[in-house]
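Trainee: Give me a model of this one.
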Amino acid sequence: MNSDRIKKGIERSPQRSLLKAMGYTDSDIKKPLIGIVNSFNEIVPGHIHLKDIARAVKDGVLSAGGTPAEFNVIGVCDGLAMGHEGMRYSLSSREIIADSIECMCMAHAFDGLVFIPNCDKIVPAMLMAAARLNIPSVFVSGGPMLSLDNGSGCGLDLNSAFEAVGAYKNKKINENELMQIEDNCCPGCGSCSGMFTANSMNCLSEALGMALSGNGTIPAVFSKRIRLAKSAGVQIMETVAKNVRPRDVMTEKGFRNALAVDMALGCSTNSVLHLMAIANEAEVELNLDIINEISKRTPNLCKLAPAGPHHMQDLYAAGGVYRVIYELRKANLIDDTAMTATGKTMGKLLDNESFYITRGDVIRPIENPYSQYGGIAVLFGTLAPNGAVVKQSAVAAEMLTHKGRARVFDSEEEAVSAIFGGKIVSGDVVVIRYEGPSGGPGMREMLTPTSAIAGRGLDKEVALITDGRFSGATRGAAIGHISPEAVKGGTIAYVHEGDIISIDIPNNKIDLLVDESVLAERKNNTALKTKKDLTGYIARYARNVSSADKGAVVT
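Mentor: So this is what the prediction gives:
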């Protein structure tokens, strides 16, 4: 066993004494040592209940003959960090989490790992760590939050509150209506209830083969979530016995399956950043061209919030992620020979899956999709030579192609002020730059400006582009990850107020309609803006982070 490094032989008597200081018996020490990587904290609603999940996992490990040992990692709530300097620490926390797990696991010689994530950056960070360490691993999340009906047949979620602020400022709703939404849109624990980044990544953990069926969709408050956690604890013992390692699972086949499910579900654009970062750790080739290739041939089968009315509890009631995989397999869009953390192939698991379906309107059959192409598109052109990403399934049909005048802002705050101030009008293209991985730094999410646009009723008339990124809750013609970013001399740094920008999502194009000679002159005469007052971790991050088209990884 890997843990023999700290517990076997006369020479390891001092290490055994330290284990015994915590109450471990000789019998406990002889068993496989299973690390329980828990992201519990008391500031993130998706994580407030993870003590219960960890207890269930440990019960499963104990029942299957292992010795569990829990340790914790940090977690940032994107919703609480949104709209201020705190958002710079969201994406950047992904690297800290992965690195800290590496430190703990290399120091303490675990035989297997059960990862308990839930929210946005924690899921990919843990997957990155699993791929890097390559110790037998299983994932079980805390599950999604419920969505309450707003009284008119529409489910509420966190995005409802963000958009309600825009509606209030535009005098479309009053303060009492705003408070009603505030009091009811997040009714309890769990990751926010739409197909936002957290739920996207928890669903993709299933498709990738690292989590058991139900991981992404069983609501946080259901007892079945506790049973799933116990099953994960039992499963890790079998995974260790079979010596199935993350890199046996996170292969090219696994990533292609995950991308196909991503396109069918209409996941967050952040999934592109994260899958590329995870693939980098797994040493699997993944680039934006591959993502476009899979998007072009994978139909979009779901319209989950923010793209449509359904929420995670509805996807659960429709059979969950495995039901989506089942539909994709009918069209040969899934490689069912891909290995999973159970030691069985995806095809074997699908053949044994029993679907309990109470909602037949959430997952469309492969023969009748919402569209013939996937939920995400990568755009290229003079404005984004290295690529940009859009959640095309959440874009209104009339905005799939658009030409408009640029309204240019060098920060999120400047743009939000202009939107709330009524300075953005129909037809505009809002440009927010110097918010990339390095230039931000931290590539802040732009849920506040996109929600403000939607709240003013302009989401079908105004586009927003940025070298930053978007929350999974964003809807509309919101194009992020513009690469190269402004601080690195990308074209976005040289856009002037009033320039015409052309967006053609069906043809994967985004262009700045300015003569090459004019653009060359601007490059010669424009000084790039850099932040001079950075200190601490974020300063180191800004110096070392790669561009968005490479997954914003730290090298």
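Trainee: got the contact list for L286?
Mentor: Residues near L286 by Cβ atoms under 8 Å, 6 or more residues apart in numbering: F255, L275, M276, A279, N280. Placement of C-beta: from N, CA and C, glycine included.
Trainee: how close does it get to A552?
Mentor: In this view, L286 and A552 are 14 Å apart by Cβ to Cβ, to the nearest Å.
Trainee: Let me know the closest of the contacts of L286 to E353.
Mentor: F255 (21.5 Å; Cβ to Cβ).
Trainee: before we move on, what SS does that closest one have?
Mentor: Secondary structure state of F255, per DSSP: H, G, I helix; E, B strand; the rest coil, is helix.
Trainee: Which other helices and strands does whichever strand in the chain runs longest contact?
Mentor: Taking DSSP state E as the criterion, the chain has its longest strand at strand 401-409. Secondary-structure packing of strand 401-409 (3 or more Cβ pairs under 8 Å, 6 or more residues apart in numbering; DSSP states H and E): helix 412-420, strand 429-432, strand 500-504.
Trainee: just the CA coordinates of the helix or strand following the shortest one, formatted as CSV?
Mentor: Of the helices and strands lying after strand 429-432 in sequence (DSSP states H and E), the nearest is helix 447-455. Once side chains and other backbone atoms are set aside, the C-alpha atoms of helix 447-455 remain, and they are given as CSV (Å, rounded to 0.1, in the frame of the first residue of the first chain):
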residue,chain,number,x,y,z
LEU,A,447,-22.6,38.4,-13.9
THR,A,448,-23.3,41.9,-12.6
PRO,A,449,-23.1,43.7,-16.0
THR,A,450,-24.9,40.9,-17.9
SER,A,451,-27.7,40.8,-15.3
ALA,A,452,-27.9,44.6,-15.4
ILE,A,453,-28.4,44.4,-19.2
ALA,A,454,-31.0,41.6,-18.8
GLY,A,455,-32.7,43.5,-16.0
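Trainee: mind checking the end-to-end distance for stretch 438-453?
Mentor: 26 Å (Cα to Cα, to the nearest Å).
Trainee: next one: that stretch to chain centre, how far?
Mentor: 15 Å (Cα atoms, centre = their mean, to the nearest Å).
Trainee: can you map out the helices along the stretch 451-555 of the chain?
Mentor: With helices called from DSSP state H, counting those that start in this stretch, the stretch 451-555 of the chain shows them at 516-525, 536-544.
Trainee: What residues of the shortest one count as buried?
Mentor: Of the residues in helix 536-544, I538, Y541, A542 count as buried by neighbour count, 16 or more other Cβ atoms under 10 Å.
Trainee: what comes into contact with that helix?
Mentor: Contacts of helix 536-544 (Cβ under 8 Å, 6+ apart): 88-89, 92, 95-96, 438-442, 531, 534, 554-555.
Trainee: are any of the residues you listed buried, and which?
Mentor: Among the contacts of helix 536-544, those classed as buried by 16+ other Cβ under 10 Å are R88, Y89, S92, E95, I96, S438, G439, G440, P441, G442, V554.
Trainee: among the residues you listed, which two are most distant?
Mentor: Top of the distance list for the buried ones among the contacts of helix 536-544 (Cβ to Cβ): I96 and G439, 20.0 Å.
Trainee: what about the longest helix in the chain?
Mentor: helix 223-242 (DSSP state H).
Trainee: which element follows it toward the C-terminus?
Mentor: Criterion used, DSSP H and E; the element after helix 223-242 is helix 246-249.
Trainee: Mean confidence (pLDDT) on that following helix, please.
Mentor: For helix 246-249, the mean pLDDT works out to 98.
Trainee: what's it packed up against?
Mentor: Short answer (3+ Cβ pairs under 8 Å, 6+ apart): helix 246-249 packs on helix 122-133.
Trainee: Excluding its own residues, what touches the helix it packs on? List them.
Mentor: 37, 39, 47, 73, 75, 93-98, 101-102, 105-106, 113, 115, 117, 137, 139, 141, 198, 201-202, 205, 208, 210, 246-247, 250, 273-275, 277-278, 281-282.
Trainee: and which of the buried residues of helix 536-544 is nearest to I376?
Mentor: Once Cβ to Cβ is applied, the member of these that ends up nearest I376 is Y541, at 25.5 Å.
Trainee: any idea how far K391 is from the residue nearest the centre of the chain?
Mentor: Centroid-nearest residue in the chain, with Cα atoms, centre = their mean: T197, separated by 3.4 Å. Taking Cβ to Cβ as the measure, T197 falls 11 Å from K391.
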